[in-house]
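Peer 1: Let me see the structure of the following:
(one chain, ligands or ions: 1)
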Amino acid sequence: MHFKQAVFDEESWRKVLEKHDGRLPIRIKAVPEGRIVPRGNVLFTVENTDPDFYWLTNYIETMLVQMWYPITVATISREFKKILAKHLKATSGGLEGLDLKLHDFGYRGVSSQESAALGGAAHLVNFCSTDTVAGLLMAQRYYGCPMAGFSIPAAEHSTIISWGRSREKEAFERVLDQFSSVPVSVVSDSYDIFNACKHIWGDELKERVMERNQDSCLVIRPDSGDPAETLIEVIKILGERFGFSLNSVGYKVLPACLRIIQGDGIDLSSVEEILQKLSDEGWSAENIFFGCGSALLQKLNRDTLSCAFKCSYVETNGKGMDVYKQPVTDPSKGSKRGRLLLRRNSDGFLETIERGAGKPEEDLLVTVFENGSLMQDYTLEEIRKNARLRDEEVNPTLHNHEQELLHKHIINGVH
Ligand SMILES: O=P(O)(O)OC[C@H]1O[C@H](OP(=O)(O)OP(=O)(O)O)[C@H](O)[C@@H]1O
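Peer 2: Have a look, this model is predicted:
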């Protein structure tokens, strides 16, 4: 009905069933999951293992190209991590707590449960902080990780405003009572974030807050206004009311019983701006956590990192031929030619070798699927190890040009 004519090749599909017991005669080779590969390189190759089924490779294109989504989320999440690492190191002298600095707030902002699972799990490659439960389940079921991410109890607007406008203090107090021995986050902008910090937290409930400690800290959550301006104002007020100490590198840190989480208006640009402003005012990144939703899981597309799948090699009657496209109207849409492999060159950079010219023993692509069988399974632990930040990515003075470019590219959304 779709094509208004018979297009579906039932006979060939029946042959897959008869000749291969329904298992696809396909080989997929791929970069180990979590490995950092500069854009423009081959990430996986697909070939048919039985010449009768040459057509299968492109049949599965659409489904396999969907890989762009977790790849892109994991890449963006890792860009966040680089920014956070740089500022945390500079303003605290170390990287303690880095894995918890960016909380996934994106569950509600994605298109489906499946996207939440894929994107949520991709973020967990870089961080251990999430409210996207679907991502945790995916890491559990498919990546051998019993609990990949953590969260803390948190008030949300409904649990504050249902006390009525005149009883915000009572609402806050109730949350403190309910969660007296664990960290708790309290959204505090229902009416006036500055009043809440100055008069409710910083005066009426000050003693209650000061009774708490690092393991039961209050995390105040602003959730509106210009994120950088609001946050600077909030931290100033809290500093005046609760005091602060100086850490080993001379930056201001609020008492251990008090922290802030900014979860509104967060993306790669705003996080950098906020952290820069905080450090300009002498505040350590230790004071703050971030929550990010859409910019992490939804405001991205296949062109963010230009992911595509192209036919590069054919064999006809045993004779091989490199094939490619090279549109006159856009050289950037030219495709790679011939059999491809990924190798590390003598300068230490990853590069794609085209036209079958690479040596198989140098190939970094691993056979992950062959003739219906999964050949290679990765655990989240292995993936996290592959994706961990390198020294030069944390230390700004060693920041290399390639990383700068990737970072700018994602921030500006240039393709
Ligand atoms: O990164 P984002 O996609 O913006 O997601 C984060 C926002 O989502 C939540 O707000 P809520 O769903 O209540 O929406 P609102 O902030 O627009 O009121 C949360 O309080 C953040 O403000």
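
Peer 1: Doesn't Val46 lie inside a helix?
Peer 2: No - assessed with DSSP: H, G, I helix; E, B strand; the rest coil, Val46 is strand; it does not lie in a helix.

Peer 1: quick one: Tyr143 from Phe105, how far?
Peer 2: 22 Å (C-beta to C-beta, to the nearest Å). C-betas here are computed from N, CA, C, even on glycine.

Peer 1: Pick out whichever of these two has more residues nearby.
Peer 2: Counting neighbours by other C-beta atoms under 10 Å for Tyr143 and for Phe105 shows that Phe105 has the greater number, 23 against 20.

Peer 1: For that one, give its distance to the ligand.
Peer 2: 4 Å (C-beta to the nearest ligand atom, to the nearest Å).

Peer 1: isn't Ile160 right up against Glu173?
Peer 2: No - checked against C-beta atoms under 8 Å, the pair Ile160 and Glu173 is beyond contact range at 11.2 Å.

Peer 1: buried sites along stretch 316-335?
Peer 2: Within stretch 316-335, no residue counts as buried by 16 or more other C-beta atoms under 10 Å.

Peer 1: Just name the shakiest helix or strand of this protein by mean pLDDT.
Peer 2: helix 401-412 (a mean of 62; mean pLDDT, DSSP states H and E).

Peer 1: Could you report the neighbour count for Cys307?
Peer 2: With other C-beta under 10 Å as criterion, Cys307 counts 17.

Peer 1: ugh, wrong one, Glu79
Peer 2: When counting by other C-beta under 10 Å, one arrives at 21 neighbours for Glu79.

Peer 1: A helix includes it, no?
Peer 2: Yes - using three-state DSSP, the assignment for Glu79 is a helix.

Peer 1: Tell me how far it lies from Gly334.
Peer 2: With C-beta to C-beta as the criterion, Glu79 and Gly334 are 27 Å apart.

Peer 1: same thing with Tyr54?
Peer 2: Between Tyr54 and Gly334 the distance, using C-beta to C-beta, works out to 23 Å.

Peer 1: Could you pick out the residues of the stretch 251-400 of the chain near the ligand for me?
Peer 2: Listed as neighbours of the ligand in the stretch 251-400 of the chain under the rule C-beta under 6 Å from any ligand atom: 263-264, 266, 292-295.

Peer 1: Show only the entries of those found in strands.
Peer 2: Per DSSP state E, strands hold the following members of these: Cys292.

Peer 1: so can I have TSV of the residues of the stretch 251-400 of the chain next to the ligand showing pLDDT, distance to Leu238 and neighbour count?
Peer 2: Conversion of those to TSV gives the following (pLDDT from 0 to 100; distance: C-beta to C-beta, whole Å; neighbours: other C-beta atoms under 10 Å):
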residue	pLDDT	distance to Leu238	neighbour count
Gly263	98	17	20
Asp264	97	18	20
Ile266	98	20	22
Cys292	98	22	26
Gly293	98	25	22
Ser294	97	28	15
Ala295	98	26	20
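
Peer 1: Tell me which of the residues of the stretch 251-400 of the chain next to the ligand fall in helices.
Peer 2: Here DSSP state H is the test, and those give 294-295 as lying in helices.

Peer 1: Check the residues of the stretch 251-400 of the chain next to the ligand against Ala196 and report the nearest one.
Peer 2: Proximity of these to Ala196 (C-beta to C-beta) peaks at Asp264, which lies at 15.0 Å.

Peer 1: in terms of contact, does that closest one touch Pro227 like I think?
Peer 2: Yes - using C-beta under 8 Å, Asp264 is in contact with Pro227, at 6.3 Å.

Peer 1: residue of the stretch 251-400 of the chain with the smallest distance to the ligand?
Peer 2: Gly293 (2.7 Å; C-beta to the nearest ligand atom).

Peer 1: List the buried residues in stretch 346-363.
Peer 2: Residues of stretch 346-363 classed as buried: 350-354, 358, 363 (neighbour count, 16+ other C-beta under 10 Å).

Peer 1: Tell me which helix or strand comes right after the helix or strand where Asn58 lies.
Peer 2: Asn58 is part of helix 56-59 when elements are defined by DSSP states H and E. Using DSSP H and E, the helix or strand that follows helix 56-59 in sequence is helix 61-65.

Peer 1: Val323 is in contact with Tyr313, correct?
Peer 2: Yes - Tyr313 is within contact range of Val323, at 6.5 Å (criterion: C-beta under 8 Å).

Peer 1: any shared contact partners between these two?
Peer 2: In terms of C-beta atoms under 8 Å, 6 or more residues apart in numbering, Tyr313 and Val323 are both contacted by the residues Arg337.

Peer 1: In this structure Ala90 contacts Asp280, no?
Peer 2: No - checked against C-beta under 8 Å, the pair Ala90 and Asp280 is beyond contact range at 11.6 Å.

Peer 1: Neighbour count: the two, which is higher?
Peer 2: Ala90 (17 against 9).
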